[in-house]
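Peer 1: Structure here, sequence nowhere to be found:
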């Protein structure tokens, strides 16, 4: 009887250990996948590219430009179109990127620096804070929420688009 109890405990312990490793491996794999998506998204040069990482049935974007929120695929595509139709030579880089996930949901938060040219060819740049939330849709990670912001100087009310720290 004592031996059976020990065997049962050993089997239960091994199963728990295996499940723990499986969960950790799933989270590590998800972290790599989200990081890869974030790098592809920052390199996007068109609405179609950027929107390919979005869940079209469940997306809300809080951008740093009005309105308060872009809710749904049509509104988010319109915001993306507004940027990509008025910018050329868009280049983005991460100053910092962190991904947190349990393998089921994921959040990527970052500081991103962009350079581009406006319609007249004038060079522009901006450094932004971005938080993206992901869930799985049909086995693929898709963004369902994005929050983009720039710090505001309380004295002037103006956005600070190029802070370094």
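Peer 2: Thanks, I have it. A quick note: this is a predicted structure, and the numbers were derived from the prediction, not measured.
Peer 1: List the buried residues of the helix or strand residue 110 falls within.
Peer 2: Using DSSP states H and E, residue 110 sits in strand 105-117. Residues 106, 108, 109, 110, 111, 112, 113, 114, 116 are the ones in strand 105-117 that count as buried (16 or more other C-beta atoms under 10 Å). Placement of C-beta: from N, CA and C, glycine included.
Peer 1: Tabulate those residues (TSV), appending pLDDT.
Peer 2: As requested, the buried residues of strand 105-117 are exported to TSV (pLDDT from 0 to 100):
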residue	pLDDT
106	97
108	98
109	98
110	97
111	96
112	96
113	96
114	95
116	95
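Peer 1: What segments of this protein are strands?
Peer 2: Under the criterion DSSP state E, the chain contains strands at 60-62, 70-71, 88-101, 105-117, 123-137, 140-149.
Peer 1: Out of the ones you listed, flag the one nearest residue 160.
Peer 2: strand 123-137 (8.6 Å; C-beta to C-beta).
Peer 1: Distance from the strand holding residue 110 to the middle of the chain?
Peer 2: Averaged C-alpha coordinates place strand 105-117 at 7 Å from its chain's average position (C-alpha atoms, centre = their mean, to the nearest Å).
Peer 1: pLDDT below threshold where in the protein?
Peer 2: 1-23, 26, 165 (pLDDT under 70).
Peer 1: middle-most residue in this structure, spatially?
Peer 2: Centroid-nearest residue in the chain, with C-alpha atoms, centre = their mean: residue 132, separated by 3.1 Å.
Peer 1: Kindly state the beta-bridge partners for that residue.
Peer 2: Beta-bridge partners of residue 132, counted by DSSP bridges, are residue 108, residue 146.
Peer 1: dump the residue contacts of it.
Peer 2: Applying C-beta atoms under 8 Å, 6 or more residues apart in numbering to residue 132 gives the contacts 38, 41, 107, 108, 109, 143, 145, 146, 147.
Peer 1: again with residue 50
Peer 2: Residues counted as contacts of residue 50 (C-beta under 8 Å, 6+ apart) are 41, 44, 80, 84.
Peer 1: what's the answer for residue 147, then?
Peer 2: By C-beta under 8 Å, 6+ apart, the contact set of residue 147 is 61, 62, 130, 131, 132.
Peer 1: Selection in ChimeraX covering whichever of these are buried, please.
Peer 2: Selection of buried members from the contacts of residue 147 for ChimeraX, criterion 16+ other C-beta under 10 Å:
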select :61,130,132
